[in-house]
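Chemist: A structural model of the following input is requested.
(chains A and B)
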Amino acid sequence: MSVKQGLLALLAEGPMYGAQLRVEFEERTGGTWPLNVGQVYTTLNRLERDGLVEPTGEADGEGRISYRLTEAGASEVTTWWQTPVDRDNTPRDELTIKLALAVTVPGVDVQSVAQTQRTSTIRHLHDLTRLKQQVMRKQRDAEGHEPQEGVANHDLAWLLVLENLIFSAEAEVRWLDHVETRLHRESLRPFHRSGSTPATSRPEDADERAAARAEARR
Amino acid sequence: MTTPSLLLDNVSRVHGTGDTAVHALDGVSLEILPGELVAVMGPSGSGKSTLLNLAGGLDHATSGRVVIEGEDLTTLGAKGIAQLRRRRVGFVFQDYNLIPSLTAAENVALPLELDGERASQARRHARQSLELMGLRELSDRFPDQLSGGQQQRVAIARALVGSRRLVLADEPTGALDSHTGEDVLRVLRERCDEGVAGLLVTHEARHAAWADRVVFLRDGVVVDSTGRASAAEDLLDSASSAR
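Modeler: Residues are numbered from 1 along each chain as shown, chains lettered A, B, ... in the order given. A predicted model of the protein is given here:
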């Protein structure tokens, strides 16, 4: 996700200056992906260069310049909402790589690697759940009170981010469970291949698998 | 020192003898204090249900001690265990186990009445317990007039009616959709935050995450545990001060 799209989406609400954009971005995502002001201003400069934003006027008393979307910027935001996020570019995932190597490198206790990870991920999940509980309690407490401008929505945004992290952590635990079951089944097979494949695996195999993955995405 | 609500001390459960002996549980130790919710996770056949049955006095250990609120189950006879179960322990199952011909309040009052409490008093305790679960308006409904989530909350109210302060839950969210399951976990969590002790068997990581600790079982042995977490509280503090 680029900072660029995030800032453009925020500016669609109305003109803002750099520090304001940073605060808004972090509030709505619970500070999960912190930005620094330098990053925000560099991005704003680039957006201005590309004709997507423009200053609303001169700097104010404190030297802050507000920016607003140009017509091209507004249409860029619309396109962003309408376009799915690109998942083709598989990010390098350390855990997946670690386990793929663990099953192929001799002498590694894969089950223990998986269990250590599971414990750690559940602990993380626990922390996220506690945070979620706190946000939900706050929302319940606020029920029946006059909502503060925008605040309710910020909690909702943060809740969604938290839940995304919860689902990801849960998926990781489920995958680890699956890995263990898979390993167990492999170990029960009469002539299981573990240990023999990696050494004899030809480089073309990897190419074929990459091609198959590309095909599957299409 | 606080008396643990539940203490398993080096507990084993062996089925059969000699070469064919199956160690359903092998030297498991676990302590749950009042106010704690502990989740047990593990693949099928890892001993989760055996652990829960032993903790609730539904099965007896081959060796080791099971102690509920200071009372050692291994020294009690069948009668004593039955009484302890009625007074101290509540069970929650995946399929609610409510009696269809009784109202919510009657279901909740039942364990007290079985224990010899006067009907009027049992009913009063039942209503209190239902109220704590946010179910006061539904007291007079029959189970088939309640949703799955409501039935499970009634089951938790029943598990914690009167003086019971230990709840043993076996996949309590198994039959519920994701949101309803979470509501059930939330109320269980709230009761634990008020001082109840809970042991929760689940295979869902997202639900286990509501617990203070998660214990992992495999082949009847505890292979790992997340430990008593204080880190979460630190995280909460820092998160609330940051906002």
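Chemist: Contact partners for the nearest residue to B:A205 once chain neighbours are set aside?
Modeler: In space, and not counting its chain neighbours, B:A205 is closest to A:V173: 3.8 Å by C-beta to C-beta, 6 or more residues apart in numbering or on different chains. Every C-beta, even on glycine, is put in place using the N, C-alpha and C of the backbone. Taking C-beta atoms under 8 Å, 6 or more residues apart in numbering or on different chains, we find A:V173 in contact with A:118, A:121-122, A:125, B:205.
Chemist: Turn those into CSV, columns for pLDDT, secondary structure and neighbour count.
Modeler: As requested, those are exported to CSV (pLDDT from 0 to 100; DSSP: H, G, I helix; E, B strand; the rest coil; neighbours: other C-beta atoms under 10 Å in any protein chain shown):
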residue, pLDDT, secondary structure, neighbour count
A:R118, 93, helix, 24
A:T121, 94, helix, 22
A:I122, 94, helix, 29
A:L125, 94, helix, 26
B:A205, 92, helix, 24
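Chemist: Could you identify the most distant pair in the residues you listed?
Modeler: Pairwise distances across those peak at 10.1 Å for A:R118 and A:L125 (criterion: C-beta to C-beta).
Chemist: Can you tell me how far the residue nearest to B:A205 is from B:L25?
Modeler: Using C-beta to C-beta, to the nearest Å, A:V173 is found at 23 Å from B:L25.
Chemist: what do you get for B:T226?
Modeler: Using C-beta to C-beta, B:T226 is found at 20 Å from B:L25.
Chemist: mind listing the strands for the chain?
Modeler: Reading this off chain A. With DSSP state E applied, chain A shows strands at A:53-55, A:67-69, listed in chain order.
Chemist: wrong one, chain B
Modeler: So, for chain B - with DSSP E - the strands run B:6-15, B:22-32, B:37-41, B:63-68, B:71-72, B:89-92, B:166-170, B:197-201, B:213-218, B:221-225.
Chemist: would you turn those into TSV with mean neighbour count?
Modeler: Formatted as TSV, those follow (neighbours: other C-beta atoms under 10 Å in any protein chain shown):
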stretch	mean neighbour count
strand B:6-15	18
strand B:22-32	18
strand B:37-41	25
strand B:63-68	19
strand B:71-72	13
strand B:89-92	24
strand B:166-170	24
strand B:197-201	26
strand B:213-218	22
strand B:221-225	17
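Chemist: contacting residues for the closest residue to B:E71 other than its chain neighbours?
Modeler: Excluding its sequence neighbours, the residue lying closest to B:E71 (C-beta to C-beta, 6+ apart) is B:L84, at 6.1 Å. Contact analysis of B:L84 by C-beta under 8 Å, 6+ apart lists B:57, B:68, B:71, B:73, B:76.
Chemist: How many residues are close by the first one?
Modeler: For B:G57, the number of neighbouring residues by other C-beta atoms under 10 Å in any protein chain shown comes to 22.
Chemist: which secondary element of chain A has the worst mean pLDDT?
Modeler: helix A:197-200 (a mean of 46; mean pLDDT, DSSP states H and E).
Chemist: pLDDT (mean, whole number) over the longest helix along chain A?
Modeler: Determined from DSSP state H, the single longest helix within chain A is helix A:151-188. Averaging pLDDT along helix A:151-188 yields 88.
Chemist: for stretch A:45-58, same thing?
Modeler: The average pLDDT within stretch A:45-58 is 93.
Chemist: can you list contacts of it?
Modeler: Stretch A:45-58 has contacts (C-beta under 8 Å, 6+ apart) with A:4, A:7-8, A:11, A:15, A:44, A:65-70, A:72-73, A:76.
Chemist: For the most centrally placed residue in chain B, list each beta-bridge partner.
Modeler: With distances taken as C-alpha atoms, centre = their mean, B:L168 lies nearest the centre of chain B, 1.7 Å away. The partner list for B:L168 in beta bridges (DSSP bridges) reads B:F91, B:L199.
Chemist: check contacts around it.
Modeler: Contacts of B:L168 (C-beta under 8 Å, 6+ apart): B:52, B:55-56, B:89-92, B:159, B:198-199.
Chemist: just those residues now: which is nearest chain A?
Modeler: Taking C-beta to the nearest C-beta as the measure, chain A lies nearest B:G198 of the contacts of B:L168, at 14.6 Å.
Chemist: does the closest one really touch B:V38, like I thought?
Modeler: Yes: B:G198 lies in contact with B:V38 (C-beta atoms under 8 Å); the separation is 7.0 Å.
Chemist: anything in contact with each of those two?
Modeler: Contact criterion C-beta under 8 Å, 6+ apart; residues shared by B:G198 and B:V38: B:32, B:211.
Chemist: how much space between A:E143 and A:D155?
Modeler: From A:E143 to A:D155 the distance is 12 Å (C-beta to C-beta).
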